[in-house]
Each structure stands twice: as C-alpha cells, then as structure tokens.
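> Generate a structure from the sequence data that follows.
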Amino acid sequence: MSDSLNTPEIPDAPRPDRATGEPRFPDGPRADPAGSHFERRIRSFQPRRSRVTAGQGDALRRLWPKWGLDIDGQRTLDLGELFGHDRPVVLEIGFGMGEATARMAAADPGTDILAVDVHTPGQGNLLNLADQQGLDNIRVANGDAIILLREMLRPGSLSGLRVYFPDPWPKKRHHKRRLIQPEFLTLAATRLRPGGLLHCATDWEPYAEQMLEVLTAHPGFENTRPDGGFAPRPEFRPLTRFEGQGLEKGHVVNDLLFRRVPDLTGHHS
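Numbering: from 1, shown residues only. I've put the predicted structure just below:
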C-alpha cells in the first residue's frame with residue numbers, strides 16, 4: 001500500500017563497524033532473493049529506496065531470522081510449520097508500512113497473515129509492530145509474490161488473498177505491469193482453497209474498472225455482490241492514513257470481493 005510514501009524518514013544510525021559493501025542486515029532480507037533462478041518477466045512492482053529508521057533496523061536484525069522469509073523459489077513452504085500452528089492463512093501482497101496489516105492481525109488472531117513486500121523500511125516497521133503488540137500470526141516475506149505463489153505455495157493452501165492499493169501503473173503503455181491480470185488470477189485460483197476470498201482495493205478508478213472486468217470474466221472467481229459490482233469497504237479492512245488523505249481530496253476507493261468458485265462447479269483447480 002502507499003502509506004509508505006507519507007512516512008517521515010530518519011537517517012540510519014551510524015554503523016562504523018560495517019565494512020564497505022557489507023550488507024546492513026547480514027541475517028535480514030536479501031536484495032534479490034530469487035536471483036537469476038527464474039526467467040526475467042515484466043514486474044508489477046518497483047523497489048523503493050528510502051532510509052531505514054533505527055527502530056526498523058533493530059527489528060530487522062532481531063526479528064527477521066524468526067519471522068522473516070526470503071522468496072527464493074527454491075522450496076515448498078509448509079505454512080503450518082512457518083507459523084507454528086495450523087490456522088487459515090491469508091496472503092497479503094504489498095503492505096506498505098504495515099499498520100493496516102498489524103491491525104487486521106490483532107483483530108483476527110485466529111487467522112495467519114503472510115505479508116509480502118519489497119520495501120525494507122516497511123518490512124522492519126511491520127516486524128516492529130508485530131513484536132510490540134505480541135502478534136504471533138504475522139510472517140513477513142521479501143521478494144516477488146508471483147514466485148512465492150507459483151513456486152513455494154501448495155495448491156489450495158490459502159484461505160484468502162489481499163491486494164490493497166497496488167501500483168496502478170496509470171500510463172497506458174505500462175498497463176501490462178498491473179498485477180491484476182487474467183494470468184495472475186489463474187495462478188491465484190490454484191493456491192486459494194474453494195470459497196477462499198480474493199479482496200482487492202484501489203483508489204485509481206480506471207484500474208478498479210479493469211479489476212472488475214477481468215475478475216468477472218475469470219471462471220475461477222465469482223463476485224460476492226449480487227449486483228456484480230464493487231463492494232463497500234468491509235469492516236475487517238482498516239481505513240489507512242493514505243486512504244483517509246485520498247478520501248479527503250475526493251478520491252473514490254473501490255473494494256472488490258470475489259470468492260474462489262467451488263470445484264464442484266466443474267472448474268478445475
């Protein structure tokens with residue numbers, strides 16, 4: 001989410017013991033965890049470079065080995081083992097600074113959240129929030145969510161998928177970079193269990209219309225709205241600071257709530 005764009009930045013604490021070229025967080029998130037193992041493709045995200053605060057850096061050093069995951073595409077995850085218990089798992093793609101993710105985790109302790117982003121300050125911030133609030137149902141993944149879905153998650157392993165305020169790529173020549181496309185939905189449908197909820201939200205109306213169009217056309221999903229349109233913001237999705245600022249400026253936020261169709265309808269998983 002775009003909250004991170006509005007977060008004040010504090011310079012890193014000096015680290016005189018770090019040699020030139022040595023990673024800032026030796027046991028933390030890697031710069032390119034999947035490396036060259038997978039084909040180059042059009043990416044729907046762009047890494048944002050910004051300063052890591054002292055608190056975020058401390059959280060990364062302390063908590064990444066415990067609650068962090070690099071998306072290397074080299075293994076299949078056992079989600080029960082990852083979280084240490086067997087509960088429904090929701091994948092959140094793009095969590096910004098993590099405030100909304102932490103609030104959702106606190107409000108629903110019976111659901112585990114696997115939160116993916118490439119923004120190091122946000123990763124540190126979410127780890128810090130989880131630690132401060134005693135949330136054991138958050139794990140933070142670093143890297144490309146497509147590789148995570150395709151290479152590391154088992155079919156039917158997710159009970160939900162959340163994509164809140166993805167990059168809208170507003171220029172027409174960049175529309176191919178948008179995440180919500182038929183190919184992505186086909187992949188997502190295989191990883192969601194039947195009845196699993198796909199929840200998207202965007203404040204970019206042309207993207208919202210495209211999302212509605214491709215989701216409505218996809219055989220793996222059905223709209224939870226009887227009228228086939230957008231949904232009101234559900235109570236479980238917190239109003240973020242970024243979203244509130246946009247609403248004050250007259251932006252329209254659209255939510256889309258689609259369910260993975262049951263296999264008994266004849267659609268394959």
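> in terms of contact, does residue 89 touch residue 158 like I think?
Yes. Contact criterion C-beta atoms under 8 Å: residue 89 and residue 158 qualify, at 5.7 Å. Any C-beta I mention is one placed from the backbone N, CA and C, and that applies to glycine too.
> Distance check, residue 236 against residue 61.
Distance of residue 236 to residue 61, given as C-beta to C-beta, to the nearest Å: 32 Å.
> the more surrounded of these two?
residue 61 (16 against 12; other C-beta atoms under 10 Å).
> give me the element that one is part of.
If you go by DSSP states H and E, residue 61 is part of helix 54-67.
> And the contacts of the helix or strand following that helix?
Next in sequence after helix 54-67, counting helices and strands by DSSP H and E, comes strand 68-70. Contacts with strand 68-70, where a contact means C-beta atoms under 8 Å, 6 or more residues apart in numbering, come from 28-30, 33, 60, 77, 82, 114, 123, 127, 139-143.
> among those, who's most crowded?
In terms of neighbours by other C-beta under 10 Å, these top out with residue 123 at 30 neighbours.
> Give the closest residue to that one in space, chain neighbours not counted.
Spatial nearest neighbour of residue 123, chain neighbours left out: residue 140 (5.3 Å); criterion: C-beta to C-beta, 6 or more residues apart in numbering.
> That neighbour is in contact with residue 127, isn't it?
Yes. Applying C-beta under 8 Å, one finds residue 140 in contact with residue 127, separated by 5.8 Å.
> Mind listing the shared neighbours of these two?
With C-beta under 8 Å, 6+ apart as the test, residue 140 and residue 127 both reach 64, 67-68.
> Using a markdown table, lay out those together with neighbour count.
Formatted as a markdown table, the shared contacts of residue 140 and residue 127 follow (neighbours: other C-beta atoms under 10 Å):
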| residue | neighbour count |
| --- | --- |
| 64 | 21 |
| 67 | 20 |
| 68 | 20 |
